[in-house]
Every structure is written in structure tokens, then in C-alpha cells.
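*Asks:* Next come a sequence and a model predicted from it.
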Amino acid sequence: MKEQRIREKLLKEMLQEFNEGRSKTFYCIASTILELEELKTALCEAKKYVEGLNIKDKAKVLHQILDNIAERKNYYLKLRK
């Protein structure tokens, strides 16, 4: 339960600070699949680079960081239809 609450908190933070209106599913998948430490690291790293950027550019930064983490683990963070 504690781990799920932390995941929920991280997801809410991603949605509030980095969601440009099209990333909700991506962030939900990432917060479900990736390890907690990876999510925390990704958010911290993204926050270093986004000061002064608009929301679309902020989303691109976090997307890239999460995609890099997923790629190293051979994960695919896209919803398959």
C-alpha cells in the first residue's frame, strides 16, 4: 500500500507539472511499470532542465528521460491499440 501511495503521488506530480494535455496515459503507464527510484530520479532530473520552459517543452523533457529509462530496460511505454 505504501508503494502504491508513493506511485500515486509521483503520478500526480507528473500530471500537474508536465502534462500538456496529451501525456496522461504515457505517465500512467510509466508510473505503473518503472521502479519507484527510477520515477523519482526522472522527476528530479526533469525539474533541473525545465525552468522557464513552456508546458509542451517540459513534457518533452520528461518524456525523453522516461523513454531513456524504459529503453535501457527494453520496455515500451506506449499504449498499444
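*Replies:* Nice, I can see it.

*Asks:* Check the gap between residue 63 and residue 20 for me.
*Replies:* Distance from residue 63 to residue 20, counting by Cβ to Cβ, to the nearest Å: 10 Å. In this view, the C-beta of every residue, glycine as well, is placed from N, C-alpha and C.

*Asks:* If you count surrounding residues, which of these two has more?
*Replies:* The residue with more neighbours, out of residue 63 and residue 20, is residue 63; 19 against 14, by other Cβ atoms under 10 Å.

*Asks:* so who does the more buried one touch?
*Replies:* Going by Cβ atoms under 8 Å, 6 or more residues apart in numbering, residue 63 touches 23, 26.

*Asks:* gap between it and residue 4?
*Replies:* Distance of residue 63 to residue 4, computed by Cβ to Cβ: 23 Å.

*Asks:* Quick check, residue 67 in contact with residue 76.
*Replies:* No. With contact defined as Cβ atoms under 8 Å, residue 67 does not reach residue 76; the gap is 9.4 Å.

*Asks:* if you count what's nearby, which of those two comes out ahead?
*Replies:* A direct count of neighbours by other Cβ under 10 Å for residue 67 and residue 76 places residue 67 higher, at 17 against 11.

*Asks:* and residue 52, which of the three is it?
*Replies:* For residue 52, the assignment made with DSSP: H, G, I helix; E, B strand; the rest coil gives coil.

*Asks:* Please report how far it lies from residue 61.
*Replies:* Counting by Cβ to Cβ, the gap from residue 52 to residue 61 is 12 Å.

*Asks:* what pLDDT, on average, does stretch 22-31 get?
*Replies:* Taken as a whole, stretch 22-31 has an average pLDDT of 91.
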